[in-house]
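> Take a look and give me a structure for this.
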Amino acid sequence: MAGIGFELRKLLKRDSYFSLIQAYTYAGIIGAGPWVLSILGVQAIGFMSLAVVVPDFLITQFQVSVTHLIAGSLILTGVLQLAFTRYISDRLFEKRDDTVLPNFVGALQVTMLASGAVGLVFTLWLLRELNPVYQLLMLSGFIILSMIWIATIFLSGMKQYKQILWLFLVGYAISVMAAVVLRPFGLEGLLAGFVLGQFVLLLGMMVLTLRTYPSSRFIEFDFAGKKRMYLSLMAIGFLYNLGVWSDKFIFWYGASTGQNVIGPLKASLIYDLPIFLAYLSIIPGMAVFLTRMETDFVEYYDKFYNAVREGGSLDQIEHLRDEMVFTIRQGIFEIIKIQSIAVLITFAAAPALLRLLGVSQLYQGLLYIDVVAAGTQVVLLGLLNVFFYLDKRHIVLLLCSVFVVLNIALTFLSLQLGPAYYGYGFALSLLFTVLLGMMLLDRKLDRLEYSTFMLQN
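The predicted model follows:
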(Lines give C-alpha, C1' and ligand atoms only; values in the text may rest on other atoms or scores of the structure.)
Protein backbone atom coordinates (compact mmCIF):
# COMPACT_ATOMS: atom_id res chain seq x y z
CA MET A 1 0.00 0.00 0.00
CA ALA A 2 2.99 2.28 -0.49
CA GLY A 3 1.15 4.26 -3.17
CA ILE A 4 -1.25 5.93 -0.77
CA GLY A 5 1.62 6.46 1.68
CA PHE A 6 3.44 8.51 -0.94
CA GLU A 7 0.39 10.75 -1.44
CA LEU A 8 -0.13 11.15 2.30
CA ARG A 9 3.52 12.04 2.92
CA LYS A 10 3.29 14.79 0.30
CA LEU A 11 0.34 16.31 2.14
CA LEU A 12 1.94 15.99 5.58
CA LYS A 13 5.17 17.65 4.43
CA ARG A 14 3.33 20.97 4.26
CA ASP A 15 3.28 20.89 8.07
CA SER A 16 0.00 22.71 8.70
CA TYR A 17 -3.30 21.88 10.34
CA PHE A 18 -5.04 22.17 6.97
CA SER A 19 -2.66 19.68 5.34
CA LEU A 20 -3.16 17.33 8.30
CA ILE A 21 -6.94 17.51 7.84
CA GLN A 22 -6.46 16.95 4.11
CA ALA A 23 -4.32 13.86 4.73
CA TYR A 24 -6.80 12.27 7.15
CA THR A 25 -9.76 13.13 4.90
CA TYR A 26 -8.01 11.63 1.89
CA ALA A 27 -7.11 8.47 3.80
CA GLY A 28 -10.64 8.10 5.18
CA ILE A 29 -12.25 8.48 1.77
CA ILE A 30 -9.82 6.08 0.09
CA GLY A 31 -10.00 3.54 2.91
CA ALA A 32 -13.74 3.43 3.51
CA GLY A 33 -15.06 5.13 0.36
CA PRO A 34 -15.97 2.07 -1.74
CA TRP A 35 -17.69 0.37 1.23
CA VAL A 36 -19.62 3.51 2.18
CA LEU A 37 -20.63 4.14 -1.45
CA SER A 38 -21.91 0.55 -1.65
CA ILE A 39 -24.08 1.00 1.45
CA LEU A 40 -25.36 4.43 0.47
CA GLY A 41 -25.99 3.37 -3.14
CA VAL A 42 -28.20 0.43 -2.19
CA GLN A 43 -30.02 2.50 0.43
CA ALA A 44 -30.50 5.40 -2.02
CA ILE A 45 -32.10 3.10 -4.57
CA GLY A 46 -34.58 1.94 -1.94
CA PHE A 47 -35.32 5.44 -0.64
CA MET A 48 -35.87 6.94 -4.12
CA SER A 49 -38.22 4.10 -5.07
CA LEU A 50 -40.58 4.32 -2.10
CA ALA A 51 -43.28 6.30 -3.89
CA VAL A 52 -43.09 4.33 -7.16
CA VAL A 53 -42.44 0.66 -6.36
CA VAL A 54 -45.62 -0.96 -5.10
CA PRO A 55 -45.82 -2.77 -2.77
CA ASP A 56 -43.03 -1.30 -0.62
CA PHE A 57 -41.92 -4.80 0.36
CA LEU A 58 -40.34 -5.17 -3.10
CA ILE A 59 -37.69 -2.64 -2.02
CA THR A 60 -36.78 -4.82 0.95
CA GLN A 61 -36.58 -7.79 -1.42
CA PHE A 62 -34.18 -5.84 -3.63
CA GLN A 63 -31.93 -4.82 -0.75
CA VAL A 64 -31.84 -8.33 0.69
CA SER A 65 -31.07 -9.79 -2.75
CA VAL A 66 -28.13 -7.40 -3.25
CA THR A 67 -26.82 -8.03 0.28
CA HIS A 68 -26.75 -11.78 -0.39
CA LEU A 69 -24.98 -11.18 -3.70
CA ILE A 70 -22.30 -9.07 -2.01
CA ALA A 71 -21.81 -11.50 0.88
CA GLY A 72 -21.66 -14.61 -1.28
CA SER A 73 -19.34 -13.12 -3.90
CA LEU A 74 -16.92 -11.79 -1.25
CA ILE A 75 -16.67 -15.15 0.51
CA LEU A 76 -16.21 -17.07 -2.77
CA THR A 77 -13.55 -14.75 -4.22
CA GLY A 78 -11.73 -14.46 -0.90
CA VAL A 79 -9.90 -17.64 -1.93
CA LEU A 80 -8.22 -15.77 -4.80
CA GLN A 81 -8.03 -12.14 -3.67
CA LEU A 82 -4.88 -12.01 -1.54
CA ALA A 83 -3.07 -14.90 -3.23
CA PHE A 84 -3.44 -13.36 -6.69
CA THR A 85 -2.34 -9.94 -5.46
CA ARG A 86 0.80 -11.52 -3.97
CA TYR A 87 1.49 -13.28 -7.28
CA ILE A 88 1.27 -9.97 -9.18
CA SER A 89 3.46 -8.21 -6.60
CA ASP A 90 6.13 -10.90 -7.00
CA ARG A 91 6.12 -10.54 -10.79
CA LEU A 92 6.43 -6.75 -10.54
CA PHE A 93 9.36 -7.18 -8.14
CA GLU A 94 10.95 -9.35 -10.85
CA LYS A 95 10.36 -6.51 -13.38
CA ARG A 96 8.03 -8.73 -15.40
CA ASP A 97 5.32 -6.14 -15.97
CA ASP A 98 4.24 -7.84 -19.21
CA THR A 99 2.78 -10.74 -17.17
CA VAL A 100 0.32 -8.52 -15.29
CA LEU A 101 -2.40 -8.03 -17.90
CA PRO A 102 -2.62 -11.61 -19.26
CA ASN A 103 -2.74 -13.12 -15.77
CA PHE A 104 -5.28 -10.53 -14.65
CA VAL A 105 -7.50 -11.57 -17.55
CA GLY A 106 -6.85 -15.21 -16.66
CA ALA A 107 -7.85 -14.61 -13.04
CA LEU A 108 -11.04 -12.88 -14.17
CA GLN A 109 -11.89 -15.81 -16.43
CA VAL A 110 -11.34 -18.32 -13.60
CA THR A 111 -13.50 -16.13 -11.35
CA MET A 112 -16.22 -15.86 -13.99
CA LEU A 113 -16.33 -19.64 -14.51
CA ALA A 114 -16.22 -20.45 -10.77
CA SER A 115 -18.83 -17.87 -9.79
CA GLY A 116 -20.96 -18.84 -12.79
CA ALA A 117 -20.92 -22.51 -11.77
CA VAL A 118 -21.63 -21.79 -8.10
CA GLY A 119 -24.24 -19.16 -8.96
CA LEU A 120 -25.99 -21.46 -11.45
CA VAL A 121 -26.24 -24.26 -8.89
CA PHE A 122 -27.75 -21.95 -6.28
CA THR A 123 -30.05 -20.31 -8.84
CA LEU A 124 -31.44 -23.62 -10.12
CA TRP A 125 -31.61 -25.10 -6.63
CA LEU A 126 -32.80 -22.24 -4.40
CA LEU A 127 -34.42 -19.74 -6.77
CA ARG A 128 -36.10 -22.18 -9.17
CA GLU A 129 -39.63 -21.11 -8.21
CA LEU A 130 -38.98 -17.39 -8.73
CA ASN A 131 -39.33 -15.20 -11.83
CA PRO A 132 -36.83 -16.31 -14.56
CA VAL A 133 -35.83 -12.65 -15.11
CA TYR A 134 -35.02 -12.35 -11.41
CA GLN A 135 -33.00 -15.57 -11.58
CA LEU A 136 -30.99 -14.31 -14.56
CA LEU A 137 -30.30 -10.96 -12.89
CA MET A 138 -29.17 -12.64 -9.66
CA LEU A 139 -26.81 -14.95 -11.57
CA SER A 140 -25.43 -12.05 -13.63
CA GLY A 141 -25.01 -9.87 -10.56
CA PHE A 142 -23.19 -12.63 -8.68
CA ILE A 143 -20.71 -13.15 -11.53
CA ILE A 144 -20.11 -9.42 -12.06
CA LEU A 145 -19.63 -8.68 -8.34
CA SER A 146 -17.20 -11.61 -8.01
CA MET A 147 -15.12 -10.20 -10.86
CA ILE A 148 -15.29 -6.70 -9.34
CA TRP A 149 -13.79 -7.90 -6.04
CA ILE A 150 -10.85 -9.49 -7.88
CA ALA A 151 -10.34 -6.33 -9.92
CA THR A 152 -10.63 -4.14 -6.80
CA ILE A 153 -8.05 -6.05 -4.78
CA PHE A 154 -5.79 -6.20 -7.84
CA LEU A 155 -5.97 -2.45 -8.46
CA SER A 156 -5.48 -1.79 -4.73
CA GLY A 157 -2.31 -3.82 -4.88
CA MET A 158 -1.27 -1.77 -7.91
CA LYS A 159 -1.79 1.45 -5.90
CA GLN A 160 -4.73 2.72 -8.02
CA TYR A 161 -6.65 4.08 -5.01
CA LYS A 162 -8.05 7.28 -6.48
CA GLN A 163 -9.12 5.49 -9.63
CA ILE A 164 -10.92 2.79 -7.62
CA LEU A 165 -12.83 5.41 -5.65
CA TRP A 166 -13.87 7.30 -8.78
CA LEU A 167 -14.89 4.10 -10.54
CA PHE A 168 -17.03 3.07 -7.54
CA LEU A 169 -18.58 6.54 -7.47
CA VAL A 170 -19.46 6.39 -11.18
CA GLY A 171 -20.60 2.76 -11.00
CA TYR A 172 -22.94 3.31 -8.05
CA ALA A 173 -24.20 6.59 -9.50
CA ILE A 174 -25.19 4.68 -12.63
CA SER A 175 -26.71 1.92 -10.48
CA VAL A 176 -28.86 4.46 -8.66
CA MET A 177 -29.91 6.35 -11.82
CA ALA A 178 -30.64 3.18 -13.80
CA ALA A 179 -32.61 1.67 -10.91
CA VAL A 180 -34.65 4.87 -10.57
CA VAL A 181 -35.44 4.83 -14.31
CA LEU A 182 -36.37 1.14 -14.24
CA ARG A 183 -38.21 1.20 -10.90
CA PRO A 184 -41.68 1.07 -12.54
CA PHE A 185 -40.78 -2.54 -13.40
CA GLY A 186 -40.66 -3.38 -9.69
CA LEU A 187 -38.10 -5.70 -8.15
CA GLU A 188 -36.64 -6.78 -11.49
CA GLY A 189 -36.25 -3.14 -12.56
CA LEU A 190 -34.37 -2.19 -9.38
CA LEU A 191 -32.11 -5.22 -9.68
CA ALA A 192 -31.48 -4.60 -13.40
CA GLY A 193 -30.39 -1.02 -12.64
CA PHE A 194 -28.01 -2.23 -9.94
CA VAL A 195 -26.48 -4.90 -12.20
CA LEU A 196 -26.06 -2.41 -15.03
CA GLY A 197 -24.11 -0.01 -12.80
CA GLN A 198 -21.88 -2.84 -11.55
CA PHE A 199 -21.20 -3.92 -15.14
CA VAL A 200 -20.05 -0.39 -15.98
CA LEU A 201 -17.86 -0.42 -12.85
CA LEU A 202 -16.24 -3.69 -13.95
CA LEU A 203 -15.65 -2.38 -17.47
CA GLY A 204 -13.98 0.72 -16.05
CA MET A 205 -11.63 -1.41 -13.97
CA MET A 206 -10.71 -3.55 -16.96
CA VAL A 207 -10.01 -0.50 -19.12
CA LEU A 208 -7.83 1.00 -16.38
CA THR A 209 -5.80 -2.22 -16.21
CA LEU A 210 -5.40 -2.33 -20.00
CA ARG A 211 -4.09 1.22 -20.03
CA THR A 212 -1.75 0.78 -17.05
CA TYR A 213 -0.21 -2.59 -17.94
CA PRO A 214 -0.24 -3.12 -21.72
CA SER A 215 1.00 -6.48 -22.97
CA SER A 216 1.39 -8.35 -26.27
CA ARG A 217 -0.34 -11.36 -24.69
CA PHE A 218 -4.01 -11.33 -23.74
CA ILE A 219 -4.54 -14.26 -21.39
CA GLU A 220 -2.34 -16.52 -19.28
CA PHE A 221 -2.80 -18.81 -16.28
CA ASP A 222 0.73 -18.70 -14.93
CA PHE A 223 -0.68 -17.57 -11.56
CA ALA A 224 -2.31 -21.00 -11.17
CA GLY A 225 0.96 -22.88 -11.66
CA LYS A 226 2.72 -24.96 -9.04
CA LYS A 227 4.18 -22.89 -6.16
CA ARG A 228 2.78 -19.70 -7.69
CA MET A 229 -0.11 -19.31 -5.25
CA TYR A 230 0.30 -19.20 -1.48
CA LEU A 231 -2.19 -21.60 0.11
CA SER A 232 -2.00 -19.64 3.37
CA LEU A 233 -3.16 -16.47 1.59
CA MET A 234 -5.98 -18.37 -0.11
CA ALA A 235 -7.15 -19.62 3.29
CA ILE A 236 -6.77 -16.18 4.91
CA GLY A 237 -8.86 -14.44 2.25
CA PHE A 238 -11.63 -17.00 2.55
CA LEU A 239 -11.65 -17.13 6.36
CA TYR A 240 -11.56 -13.36 6.86
CA ASN A 241 -14.58 -12.79 4.61
CA LEU A 242 -16.38 -15.76 6.15
CA GLY A 243 -15.67 -14.36 9.61
CA VAL A 244 -17.06 -10.93 8.73
CA TRP A 245 -20.31 -12.37 7.36
CA SER A 246 -20.89 -15.46 9.51
CA ASP A 247 -22.83 -13.69 12.28
CA LYS A 248 -25.07 -12.04 9.67
CA PHE A 249 -25.93 -15.40 8.11
CA ILE A 250 -26.64 -16.88 11.54
CA PHE A 251 -29.07 -14.07 12.35
CA TRP A 252 -30.65 -14.22 8.88
CA TYR A 253 -31.37 -17.91 9.08
CA GLY A 254 -31.95 -18.26 12.81
CA ALA A 255 -35.43 -19.54 13.66
CA SER A 256 -36.14 -16.68 16.09
CA THR A 257 -34.36 -13.82 14.28
CA GLY A 258 -34.74 -14.43 10.54
CA GLN A 259 -37.69 -13.51 8.34
CA ASN A 260 -38.47 -14.82 4.85
CA VAL A 261 -38.10 -12.03 2.29
CA ILE A 262 -38.00 -13.61 -1.17
CA GLY A 263 -37.89 -17.31 -1.92
CA PRO A 264 -35.34 -18.89 0.42
CA LEU A 265 -33.52 -15.58 1.05
CA LYS A 266 -33.98 -14.21 4.54
CA ALA A 267 -33.09 -11.10 6.52
CA SER A 268 -33.00 -10.15 10.19
CA LEU A 269 -34.91 -6.95 10.75
CA ILE A 270 -33.58 -6.64 14.29
CA TYR A 271 -29.89 -7.14 13.33
CA ASP A 272 -29.29 -5.77 9.82
CA LEU A 273 -29.95 -2.05 10.19
CA PRO A 274 -27.79 -1.47 13.31
CA ILE A 275 -24.79 -3.35 11.87
CA PHE A 276 -24.86 -1.45 8.58
CA LEU A 277 -25.25 1.88 10.37
CA ALA A 278 -22.33 0.91 12.61
CA TYR A 279 -20.06 0.36 9.61
CA LEU A 280 -20.52 4.00 8.63
CA SER A 281 -18.64 4.93 11.82
CA ILE A 282 -15.38 3.31 10.68
CA ILE A 283 -14.30 6.21 8.46
CA PRO A 284 -12.24 7.99 11.19
CA GLY A 285 -10.54 4.73 12.18
CA MET A 286 -9.76 3.87 8.56
CA ALA A 287 -8.30 7.36 8.07
CA VAL A 288 -5.91 6.92 11.01
CA PHE A 289 -5.15 3.34 10.01
CA LEU A 290 -4.00 4.35 6.53
CA THR A 291 -2.28 7.56 7.58
CA ARG A 292 -0.21 6.09 10.42
CA MET A 293 0.49 2.69 8.94
CA GLU A 294 1.38 3.97 5.47
CA THR A 295 3.52 6.97 6.46
CA ASP A 296 5.51 6.66 9.69
CA PHE A 297 5.52 2.86 9.88
CA VAL A 298 6.38 2.24 6.22
CA GLU A 299 9.19 4.80 6.38
CA TYR A 300 10.97 3.01 9.25
CA TYR A 301 10.03 -0.40 7.88
CA ASP A 302 11.89 0.40 4.64
CA LYS A 303 14.86 1.87 6.50
CA PHE A 304 15.15 -1.13 8.83
CA TYR A 305 15.11 -3.79 6.11
CA ASN A 306 17.35 -1.73 3.83
CA ALA A 307 19.87 -1.55 6.66
CA VAL A 308 19.66 -5.32 7.12
CA ARG A 309 20.11 -6.02 3.40
CA GLU A 310 22.89 -3.48 2.91
CA GLY A 311 24.96 -4.45 5.95
CA GLY A 312 24.18 -1.60 8.33
CA SER A 313 25.84 -1.49 11.75
CA LEU A 314 24.22 -3.25 14.71
CA ASP A 315 23.57 0.09 16.45
CA GLN A 316 21.89 1.45 13.33
CA ILE A 317 19.73 -1.66 12.89
CA GLU A 318 18.68 -1.65 16.57
CA HIS A 319 17.83 2.07 16.42
CA LEU A 320 15.69 1.62 13.29
CA ARG A 321 14.05 -1.41 14.85
CA ASP A 322 13.14 0.63 17.94
CA GLU A 323 11.71 3.41 15.77
CA MET A 324 9.66 0.96 13.71
CA VAL A 325 8.29 -0.74 16.84
CA PHE A 326 7.42 2.66 18.32
CA THR A 327 5.51 3.71 15.17
CA ILE A 328 3.61 0.40 15.14
CA ARG A 329 2.50 0.79 18.75
CA GLN A 330 1.68 4.45 18.29
CA GLY A 331 -0.29 3.66 15.15
CA ILE A 332 -2.37 0.96 16.84
CA PHE A 333 -2.93 3.23 19.86
CA GLU A 334 -4.08 6.12 17.63
CA ILE A 335 -6.49 3.85 15.77
CA ILE A 336 -7.98 2.80 19.11
CA LYS A 337 -8.11 6.39 20.38
CA ILE A 338 -9.74 7.91 17.30
CA GLN A 339 -12.17 5.05 16.82
CA SER A 340 -13.12 5.32 20.51
CA ILE A 341 -13.98 8.98 19.94
CA ALA A 342 -16.07 7.97 16.90
CA VAL A 343 -17.84 5.39 19.07
CA LEU A 344 -18.65 7.96 21.77
CA ILE A 345 -19.96 10.43 19.18
CA THR A 346 -22.14 7.71 17.69
CA PHE A 347 -23.42 6.82 21.17
CA ALA A 348 -24.43 10.43 21.72
CA ALA A 349 -26.02 10.82 18.28
CA ALA A 350 -27.73 7.41 18.17
CA PRO A 351 -31.16 8.43 19.57
CA ALA A 352 -31.46 11.38 17.19
CA LEU A 353 -30.16 9.29 14.25
CA LEU A 354 -32.71 6.55 14.85
CA ARG A 355 -35.52 9.12 15.14
CA LEU A 356 -34.38 10.72 11.87
CA LEU A 357 -34.50 7.35 10.11
CA GLY A 358 -37.85 6.51 11.67
CA VAL A 359 -36.40 3.50 13.48
CA SER A 360 -37.53 2.30 16.90
CA GLN A 361 -35.34 3.22 19.87
CA LEU A 362 -35.33 -0.49 20.73
CA TYR A 363 -32.49 -0.79 18.22
CA GLN A 364 -30.32 1.58 20.24
CA GLY A 365 -28.61 -1.01 22.46
CA LEU A 366 -27.73 -3.26 19.52
CA LEU A 367 -26.40 -0.24 17.59
CA TYR A 368 -24.06 0.57 20.50
CA ILE A 369 -22.62 -2.96 20.49
CA ASP A 370 -22.25 -3.00 16.70
CA VAL A 371 -20.45 0.36 16.67
CA VAL A 372 -17.91 -0.99 19.15
CA ALA A 373 -17.53 -4.15 17.05
CA ALA A 374 -16.99 -2.20 13.82
CA GLY A 375 -14.35 -0.05 15.52
CA THR A 376 -12.61 -3.17 16.83
CA GLN A 377 -12.58 -4.56 13.31
CA VAL A 378 -10.56 -1.53 12.17
CA VAL A 379 -7.99 -2.29 14.90
CA LEU A 380 -7.84 -5.88 13.67
CA LEU A 381 -7.18 -4.63 10.13
CA GLY A 382 -4.28 -2.57 11.47
CA LEU A 383 -2.78 -5.61 13.19
CA LEU A 384 -3.22 -7.85 10.13
CA ASN A 385 -1.59 -5.17 8.00
CA VAL A 386 1.52 -5.14 10.22
CA PHE A 387 1.74 -8.94 10.19
CA PHE A 388 1.50 -8.94 6.41
CA TYR A 389 4.37 -6.44 6.20
CA LEU A 390 6.43 -8.71 8.47
CA ASP A 391 5.40 -11.69 6.27
CA LYS A 392 3.91 -13.56 9.23
CA ARG A 393 1.18 -15.26 7.22
CA HIS A 394 0.84 -18.12 9.69
CA ILE A 395 -0.12 -15.65 12.43
CA VAL A 396 -2.69 -13.95 10.19
CA LEU A 397 -4.11 -17.37 9.35
CA LEU A 398 -4.34 -18.20 13.05
CA LEU A 399 -6.09 -14.91 13.86
CA CYS A 400 -8.60 -15.30 11.02
CA SER A 401 -9.32 -18.88 12.07
CA VAL A 402 -9.89 -17.80 15.68
CA PHE A 403 -12.15 -14.97 14.49
CA VAL A 404 -14.32 -17.31 12.42
CA VAL A 405 -14.68 -19.98 15.11
CA LEU A 406 -15.41 -17.49 17.89
CA ASN A 407 -17.85 -15.43 15.82
CA ILE A 408 -19.86 -18.52 14.88
CA ALA A 409 -19.80 -20.04 18.39
CA LEU A 410 -20.49 -16.82 20.32
CA THR A 411 -23.19 -15.67 17.90
CA PHE A 412 -25.03 -18.98 18.34
CA LEU A 413 -24.63 -18.56 22.11
CA SER A 414 -26.05 -15.02 21.96
CA LEU A 415 -29.14 -16.34 20.17
CA GLN A 416 -29.67 -18.82 22.99
CA LEU A 417 -29.25 -16.13 25.67
CA GLY A 418 -31.84 -13.81 24.13
CA PRO A 419 -32.20 -10.35 22.55
CA ALA A 420 -30.26 -8.55 25.30
CA TYR A 421 -27.11 -10.37 24.11
CA TYR A 422 -27.53 -9.89 20.34
CA GLY A 423 -24.38 -8.47 18.75
CA TYR A 424 -22.10 -9.55 21.57
CA GLY A 425 -20.92 -12.61 19.61
CA PHE A 426 -19.50 -10.46 16.80
CA ALA A 427 -18.05 -7.88 19.20
CA LEU A 428 -16.42 -10.34 21.61
CA SER A 429 -14.96 -12.47 18.82
CA LEU A 430 -13.26 -9.38 17.40
CA LEU A 431 -12.11 -8.20 20.82
CA PHE A 432 -10.53 -11.56 21.71
CA THR A 433 -8.88 -11.80 18.27
CA VAL A 434 -7.44 -8.28 18.63
CA LEU A 435 -6.07 -9.04 22.13
CA LEU A 436 -4.50 -12.27 20.84
CA GLY A 437 -3.06 -10.37 17.88
CA MET A 438 -1.52 -7.71 20.14
CA MET A 439 0.07 -10.37 22.34
CA LEU A 440 1.56 -12.16 19.32
CA LEU A 441 2.73 -8.87 17.79
CA ASP A 442 4.55 -7.91 21.00
CA ARG A 443 6.28 -11.27 21.00
CA LYS A 444 7.34 -10.95 17.35
CA LEU A 445 8.59 -7.39 17.74
CA ASP A 446 10.74 -8.39 20.73
CA ARG A 447 12.48 -11.00 18.54
CA LEU A 448 12.44 -8.99 15.30
CA GLU A 449 16.21 -8.80 14.69
CA TYR A 450 16.69 -12.50 15.39
CA SER A 451 13.86 -13.66 13.13
CA THR A 452 14.91 -11.22 10.39
CA PHE A 453 18.49 -12.49 10.26
CA MET A 454 17.37 -16.10 10.46
CA LEU A 455 15.18 -15.52 7.39
CA GLN A 456 18.22 -14.18 5.50
CA ASN A 457 19.80 -17.58 5.93
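
> give the contact list for the nearest residue to residue 98 once chain neighbours are set aside.
Nearest non-adjacent residue to residue 98, counting by C-beta to C-beta, 6 or more residues apart in numbering: residue 215, 4.8 Å away. The way it works is simple: take the backbone N, C-alpha and C, and place the C-beta from them, glycine included. Applying C-beta atoms under 8 Å, 6 or more residues apart in numbering, we find residue 215 in contact with 97, 98, 99, 100, 101, 102.

> Which of the three states applies to residue 215?
coil (DSSP: H, G, I helix; E, B strand; the rest coil).

> Please tell me how far it sits from residue 121.
Separation of residue 215 from residue 121 (C-beta to C-beta, to the nearest Å): 34 Å.

> same deal with residue 92?
Taken as C-beta to C-beta, the span from residue 92 to residue 121 is 36 Å.

> okay, the two: which has more neighbours?
residue 92 (15 against 10; other C-beta atoms under 10 Å).

> mind listing what's buried in stretch 258-272?
258, 261, 262, 263, 265, 266, 267, 268, 270, 271, 272 (16 or more other C-beta atoms under 10 Å).

> Cross those residues against strands and list the overlap.
261, 262, 265, 266, 267 (DSSP state E).

> Which strands and helices lie in contact with the host helix or strand of residue 203?
Using DSSP states H and E, residue 203 falls within helix 187-212. For helix 187-212, the packing partners by 3 or more C-beta pairs under 8 Å, 6 or more residues apart in numbering; DSSP states H and E come out as helix 17-48, helix 57-93, helix 100-126, helix 132-157, helix 161-182.

> among those, which is nearest residue 188?
helix 132-157 (4.9 Å; C-beta to C-beta).

> The closest one: how far from the chain's middle?
Here helix 132-157 is found 15 Å from its chain centre; the criterion is C-alpha atoms, centre = their mean, to the nearest Å.

> tell me what that helix is packed against?
Contact here means 3+ C-beta pairs under 8 Å, 6+ apart; on that basis helix 132-157 packs against helix 57-93, helix 100-126, helix 161-182, helix 187-212.

> for that helix, which positions count as buried?
Neighbour-count burial for helix 132-157 [16+ other C-beta under 10 Å]: 134-135, 137-157.

> give the contact list for the closest residue in space to residue 87 that isn't next to it in sequence.
Distance criterion C-beta to C-beta, 6+ apart; nearest residue to residue 87, sequence neighbours excluded, is residue 223 at 4.6 Å. When contacts are counted by C-beta under 8 Å, 6+ apart, residue 223 touches 84, 87, 88, 103, 106, 107, 229.

> on that earlier part again, residues in contact with whichever helix or strand comes after the helix holding residue 203: which ones?
For helix 187-212, the following helix or strand on the C-terminal side (DSSP H and E) is helix 231-253. Helix 231-253 has contacts (C-beta under 8 Å, 6+ apart) with 71, 74-75, 77-83, 86, 257-258, 266-268, 270-272, 275, 377, 384, 393-394, 396-397, 400-401, 403-404, 407-408, 411-412, 415, 422, 425-426, 429.

> And for stretch 328-340?
282, 284-285, 287-289, 292-293, 296-297, 375, 378-379, 382-383, 386, 438, 441, 445.

> any idea of the pLDDT on the nearest residue to residue 145 once chain neighbours are set aside?
In this structure, residue 145 finds its nearest non-sequential neighbour in residue 73, 4.0 Å apart by C-beta to C-beta, 6+ apart. If you check residue 73, the pLDDT there is 93.
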